[in-house]
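>>> Got a predicted structure here, sequence first:
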Amino acid sequence: MQNLNRFAKLFDLSGHVAVVTGAAQGNGLGIANALCDAGATVVATDIVFKPDQEGAEHKLSPDIDRMIMDVTDEENVKEVFAKIAEKYGKLDILCNNAGIIYKDLVQDLDMDRFRKVSDINIHGVVICTKHAVPYMKEAGWGRIVNTSSSQAFLTTETYSAYSASKAAVSHLTRIWGNELAKDNILVHAICPCFVRTPMMVNSIARIAEQLGTDEEGGYNYFADLIPTHRLLEIEEIGNWVAMLCSDLGRATTGSNFSITCGQVRL
């Protein structure tokens, strides 16, 4: 006999307060919406929030709070987290999603751009985690989900900066999972392959133009690199994060989850 209520309770995040970085669009938006759907109080943070466009396919839920925050500015992060804890009484879920990508051959690397990738993708994760953990220890419960990438485990040409940063995130996840387990703070990393974000849509358009094909042809170029021949949707990323923050995620910590449709097998 079906008992869907049992699973609804497992996914219920009511009473928890979540912060999602880089949540204005893409994966972060999908994560914020999923956590909100699961019952959490969600604060979406980003360096800028553009007005929702009429007819836009993806929008943040109106139930989600928005705050401007720069993950590379430690004082700003500390101030925003204090504001969240004061407003909502706690901060016990952190989704380190903010990140950028820069690609080039090693001999052509622009070191300023390389450092910027490291600053946001690595240092931003460290800064946010550093200042979220004390609130989680105070609550006696915490969940941290880092957005890594399939590229943390691949050797794709031109991906030096991005892959190195995501490999660092994946290993920080392992270290913090071990370090914080005694405090009932579980740490996970999701490692997705190509996701149909605004950035990916632009890449599809560029490839289509280079190949002299249409949007479907551009999509298939990337899909052909994936065993199941499809790209992920941001809602799927959000669903995985909600699951890892829920009671279903209690069985693991310090783990990297390959959400790659078979591209990477950990």
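Cool, got the structure.
>>> For stretch 181-190, give me every contacting residue.
Residues outside stretch 181-190 that contact it (CB atoms under 8 Å, 6 or more residues apart in numbering): 133, 136-137, 140-148, 169-170, 173, 176-177, 180, 237, 240-241, 244, 249-250, 252-257, 259. C-betas here are computed from N, CA, C, even on glycine.
>>> In ChimeraX, how would I select the buried members of these?
Remark: buried members of the contacts of stretch 181-190, expressed as a ChimeraX selection using 16 or more other CB atoms under 10 Å:
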select :133,136,141,142,143,144,145,146,147,148,169,170,173,176,177,180,237,240,241,244,249,253,254,255,256,257,259
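>>> among the contacts of stretch 181-190, which are in helices?
Counting by DSSP state H, those place 133, 136-137, 169-170, 173, 176-177, 180, 237, 240-241, 244 in helices.
>>> from these, which is closest to K59?
I237 (16.1 Å; CB to CB).
>>> Would you confirm that the closest one contacts I31?
Yes: using CB atoms under 8 Å, I237 is in contact with I31, at 6.3 Å.
>>> follow-up on the earlier one: could you identify the most distant pair in the ones in helices among the contacts of stretch 181-190?
By the measure CB to CB, K137 and I237 form the most distant pair in the ones in helices among the contacts of stretch 181-190, at 27.5 Å.
>>> What helices and strands are in contact with the host helix or strand of F81?
Applying DSSP states H and E as the criterion places F81 in helix 74-88. Contact analysis of helix 74-88 by 3 or more CB pairs under 8 Å, 6 or more residues apart in numbering; DSSP states H and E lists strand 17-20, strand 41-46, strand 65-68, helix 124-139 as its packing neighbours.
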